[in-house]
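J.: What follows is a predicted structure for the sequence shown.
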Amino acid sequence: MRIGYYPGCSLLGSSREFDESTRAVLKALDVELVEVADWNCCGASSAHILNHELSIALPARILALAEQAGLTEILAPCAACSNRLLSAQQELEKHPEMLAGIEKAIEMPYKGTVKIVNILEVLDRLKDLIAAKTVEPFAKKVASYYGCLLVRPPRVVNFDRPEDPQSMDRMLRAVGATPVEWPFKTECCGAAFSVTRTDIVAKLSGKLVQDAVKRGADAIVVACPMCHSNLDLRRAEINEYLQQEYAIPAMFITQVVGLALGLDPKALGLHRHMVPVEFAETAGVQS
Amino acid sequence: MSRIGVFTCHCGENIGATVDCVKVAEMCKDIPGVVHSVEYKYMCSDPGQRQMQEAIKEHQLDGVVVAACSPRMHEPTFRRAAGDAGINPYMCEMANLREHCSWVHEKGDATTQKAADLIRVLVEKVKHNEPLHPIKVPVTRTAMVIGGGVGGIQVALDIANGGHKVVLVEKSPSIGGHMSQLSETFPTLDCSQCILTPRMVEAAQHPNITLMTYSEVEKVDGFIGNFKVTVRKKARKLDEKLCTGCGLCIQKCPNKKISDEFNEGLGTRTAIYVPFPQAVPNKPVIDLQNCTYYKTGKCKVCEKMCPTNAIRFDQEDELVTLDIGAIVLATGFKLMKTDAFPEYGYGKHKDIIDGMQFERLASASGPTSGVMKRPSDGKEPETVVFIACSGSRDRAKGVPYCSKICCMYTAKHAMLYKHKVHSGKAYVFYMDIRAAGKDYDEFVRRAIEEDEVKYIRGRVSKIYEEDGKLIVMGADTLMGGEPVVIKADMVVLATAVQSNDRSEELAQTLHVSYDSYGFFAEAHPKLRPVETNTAGIFLAGACQAPRDIPETVAQASGAAAKVVGLFSNDELTREPIVAVVNRQAAPVYSTCVGCFLCQGACPYQAIEQEEIKARSGEVIMTLARINPGLCQGCGTCVATCRTKAIDLQGFSNEQIYAELMTL
Amino acid sequence: MDEKFEPKITAFVCNWCTYAGADLTGTSRIKYQSNVRVLRVPCTGRIDYMMVLKALHKGADGVIVSGCHPNDCHYTSGNYHARRRWMVFKKMMEVMGVDMRRITFSWVSAAEGARWAQLVNEVTDQVRALGPYAEFRQIIGAGIE
């Protein structure tokens, strides 16, 4: 399988381990990732608040570049990126009259032929192969955390059910993990307040961490860099707010799958976490 | 050459003030074919009518145009008068000088000219009118009521008491419907069973009522007064005549763990069962899906135990065809299930129940004998949250309409709970309280003020389980959207009222229209609420829209009155405004070419295929034929017909083109 | 344009909605221009669009076709048939060069007395501005009667 790849900014910065683990896992599964050359910012949380046309032009340029590279599909692991790409594509489908202006702005033709997929969709396609190649079943209880942008708004992403989604749970089961029954799968983590209002993040993400532990989870598994930042990078603030030392690691789904496939934890970027992924040794994974 | 009389009415000042009626009458004399034209102050008055009748006789008129008010007002009056004077009533037409001319235009020549034009048009029409005769069809004085809930029972009793035969068809093994499942009823809190069961018994014992339980309507042919209905009597696997209803088979049936429909899945029943102890008829049926004998080929315990040898494992479904004069639909509703709500856990929490399940929990005849116990662990719930509008008025995920009964039954549920668990806390989340009805708002006030039910105006966004409690996360919109979190033991969803399963299918079988939610459509939302657009088929209760018991019963009596009214005639008389496919002598037979485009256009399924056969029996051609009993005279087929083989009596092509030619 | 020109408008209306609506206009004493001549049919489904052409041929300068709103048809679905035929008819007339500003298709319910007056006034004003529809009569004259 050959698939286009749009890492976006997070995967080059704060969530390098998501990029590393995605590349490592997909390589192990013989998927060729073709990074879109000269890609730009997707606009993320700021563009669509400030300027509607800009918020479409930015993703449209990425999609147009992918078209030019002859790609039919593009994987955007970051939930915000895939959400923005999908929004722009649908907006242009719904309002063809905007197309001329957008094409002028991005200085290239846009056809809208590239399909945007998230990491769970790609892994789901490779489910059988993953099951076959699993050498170290991830025999842990896990809380699968989807966050907001992966499944919402349903009309845009059209993926899984918006309340109580199941796709990550299925993947985790496939690699030997046991997802706990968890009502907070799509509750807010505090998102971009990570930078400006860490107190709010501590409160919201704290609720998630606390409840996941209470329900017996060994790890919280995510598929969004923002979620991961809040649950991992902001753990100090969370623990301070909750007056407790929560050590439950937050892991990317690709890291979990990578461990199950027997990949080197370093290649999966596990050492980059603020909250150490400590059970890795006890589970017998080589380091 | 026609001899037409024109009678122009002043309607006092109503026409006379803006139209120069004298001049109009003069102008009309010049219209070819008009032999008599006069004006009069009030044509509809007795002397006015008499004047017209005398003129018909004196001038040997063969057609009349009355230029007065709207034909929707007085056409029957003048047609009757014309008929009494000896000409065919349908040779009389009205020109609308009042509503369409004098009342809407200023006084002047243009208005007078328009009045004359309107008359001229109708004179041309009358010249092409044909004498018509009302259509008579016979009436079978037996009604069929489909659905044996409280609505169906009421219709059946009212018609039967009116002296006519009724067949009451019910798809489940017993009549009684949803009302038999209810604990108490609002706004009086009287026991539902106590008021319903006497009616059920009365219906069963009434000499004019034939009960057909465990039966479904398969096919309906014919038209008003003359339906042929085929009913499938599903096999009970039991000889009803021999069965005494002793219940021994039920006691001995080894298969006891089947989810009980009557108790909404909160209890269990056996494979041979009666739905509830007061069932009418009190005869068991065997549930083929769950019977050990039908699954494994072994058992037959019931057969061995039956003291009267009434069990019949070889019994088959039976098809019965009945002659029926009128049909009343009273098929009721169903509730949306709790698994339709993702934010409330897709039905995975056992202690989130719907309104009907709560009724069973509260009912003395229910699985807990009326003691409040929550389904998961049988614990008495200390805090119960009721959520109104679960799925109703929810365009995104539910239905857009108001389910109407929920505000009231939620208040009732909260009260019943408080009456049973005095120390308990009851919360109601609501959008609006719609308690319009006699003593209804007072009832809700009682729940709030006397029984201290906490009403919170706001929606619940999420319910999840934590430490054996249901965490209900809502908002209080009267407190500025303040988040509210309640730790509840049980949650009752007032789920949306929906049309019953397969109601669309039934509607198509009966050719009645239905809305996009599967509710049957009434003929007119205000003035004909119990009739359907198909003559002879009527509606009662929640099959038409969400309805409570008083409304259902009222509508049922209304529908019964319509049926009794229909049955008071030996023959039915209908306006002869119907479409006709022309017929000619052999070898042409008709200009109809048998394309049957008209069949698809007809809203009433009035168009049949008729085979023209030679003496040898060989089919020469297949032509359209319009059943005058079914045709309502819309004329859609006429405009559809490619070969102009169809024409509409009273509004024929010839008449309309003649009108056009004068303009 | 000739100042004295008064257009002839022919209206085909269904008995149950628009005719009743026009009655209500009268009962409500709402005034409108007197150019319109109403032809009553049971249902818009009854209307063969040849009738509309015939009206134009016989001297009408504008035509109104009006019935019950969708879903409100007394005969359940006659108005849908009328609408479907209208779509085809309109396209065909456009191809043939008939000025579709002359023919107005509308829904007026039995409760919309004011709407009827408004409709008639709008159509009358528009057709008056367009002038007599002589072209149509010429086309017909050039063809086969």
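T.: It's in. From a predicted model like this one, the values you see are computed outputs, not experimental measurements.
J.: contacts, neighbours, all on C-alpha from now
T.: Fine.
J.: residues making contact with the helix or strand where residue C:50 lies?
T.: According to DSSP states H and E, residue C:50 maps onto helix C:49-57. With CA atoms under 8 Å, 6 or more residues apart in numbering or on different chains as the test, helix C:49-57 has contacts from B:657, B:660-661, B:663, C:10, C:62-63, C:86, C:89, C:133, C:136-137, C:140.
J.: pull the helix or strand with minimum mean pLDDT from chain B.
T.: Least confident helix or strand of chain B, by mean pLDDT, DSSP states H and E, is strand B:571-574 with a mean of 85.
J.: Tell me how far whatever helix or strand comes next after that strand lies from the chain's centre.
T.: Next helix or strand after strand B:571-574 toward the C-terminus (DSSP H and E): strand B:579-581. Remark: strand B:579-581 is offset 29 Å from the chain centroid, using CA atoms, centre = their mean, to the nearest Å.
J.: With only the CA atoms kept, save the helix or strand following strand B:579-581 in CSV.
T.: Next helix or strand after strand B:579-581 toward the C-terminus (DSSP H and E): helix B:597-601. Provided in CSV are the C-alpha atoms of helix B:597-601 (Å, rounded to 0.1, in the frame of the first residue of the first chain):
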residue,chain,number,x,y,z
LEU,B,597,-50.6,5.8,-17.3
CYS,B,598,-53.8,6.9,-15.7
GLN,B,599,-53.5,4.0,-13.2
GLY,B,600,-50.3,5.4,-11.8
ALA,B,601,-51.7,9.0,-11.6
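J.: which strands and helices sit next to the following helix or strand past helix B:597-601?
T.: Toward the C-terminus, helix B:597-601 is succeeded by strand B:607-613 as the next helix or strand (DSSP H and E). Contact here means 3 or more CA pairs under 8 Å, 6 or more residues apart in numbering or on different chains; DSSP states H and E; on that basis strand B:607-613 packs against helix B:597-601, strand B:619-626.
J.: got CSV for the ones you listed, with mean pLDDT, mean neighbour count and distance to residue B:578 too?
T.: Shown next, in CSV, are the helices and strands packed on strand B:607-613 (pLDDT from 0 to 100; neighbours: other CA atoms under 10 Å in any protein chain shown; distance: least, CA to CA, whole Å):
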stretch, mean pLDDT, mean neighbour count, distance to residue B:578
helix B:597-601, 92, 18, 14
strand B:619-626, 92, 19, 8
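J.: Just give me the neighbour total for residue B:630.
T.: Per other CA atoms under 10 Å in any protein chain shown, the neighbour tally for residue B:630 reads 19.
J.: ok, it to residue B:69 distance?
T.: 31 Å (CA to CA, to the nearest Å).
J.: what does residue A:157 give?
T.: 62 Å.
J.: out of those two, which sits in the busier spot?
T.: Neighbours were counted for residue A:157 and for residue B:69 using other CA under 10 Å; residue B:69 has more, 27 against 23.
J.: The more buried one: what's it in contact with?
T.: Under the criterion of CA under 8 Å, 6+ apart, the neighbours of residue B:69 are B:11, B:94, B:95, B:96, B:97, B:98, B:99.
J.: Kindly state the pLDDT recorded for the last one?
T.: According to the model's per-residue confidence, residue B:99 sits at a pLDDT of 93.
J.: Assumed it was part of a helix.
T.: Yes: assessed by DSSP: H, G, I helix; E, B strand; the rest coil, residue B:99 belongs to a helix.
J.: tell me the secondary structure for residue A:100?
T.: Residue A:100 ends up helix, using three-state DSSP.
J.: give me the number of residues near it?
T.: Neighbour tally, residue A:100, other CA under 10 Å: 11.
J.: That one and residue A:114: what is the separation?
T.: Distance, residue A:100 to residue A:114, using CA to CA: 18 Å.
J.: what does residue B:366 give?
T.: Distance, residue B:366 to residue A:114, by CA to CA: 58 Å.
J.: Same check on residue B:346?
T.: On the measure of CA to CA, residue B:346 and residue A:114 end up 34 Å apart.
J.: So for those two, which residue has more residues nearby?
T.: residue A:114 (19 against 15).
J.: Point out the other helices and strands that the one helix or strand residue A:3 maps to packs with.
T.: Using DSSP H and E, residue A:3 sits in strand A:2-5. If you count contacts as 3+ CA pairs under 8 Å, 6+ apart, strand A:2-5 packs onto strand A:32-35, strand A:73-75.
J.: same question for the longest one, mean pLDDT?
T.: On average, the pLDDT along strand A:32-35 is 96.
J.: likewise stretch B:51-58?
T.: Here the average pLDDT along stretch B:51-58 is 94.
J.: chain center to the helix or strand just after the helix holding residue C:50, what's the gap?
T.: Elements were assigned by DSSP H and E; along the chain past helix C:49-57, the next helix or strand is strand C:62-67. Chain-centre distance of strand C:62-67: 2 Å, with CA atoms, centre = their mean.
J.: and the angle from strand C:62-67 to helix C:49-57?
T.: Interaxial angle of strand C:62-67 relative to helix C:49-57 (axes from the mean of the first three to the mean of the last three CA atoms, to 10 degrees): 150 degrees.
J.: Any buried residues in the following helix or strand past strand C:62-67, and which?
T.: Toward the C-terminal end, the helix or strand that comes next after strand C:62-67 (DSSP H and E) is helix C:78-96. Neighbour-count burial for helix C:78-96 flags C:78, C:79, C:80, C:81, C:82, C:83, C:85, C:86, C:90 (criterion: 16 or more other CA atoms under 10 Å in any protein chain shown).
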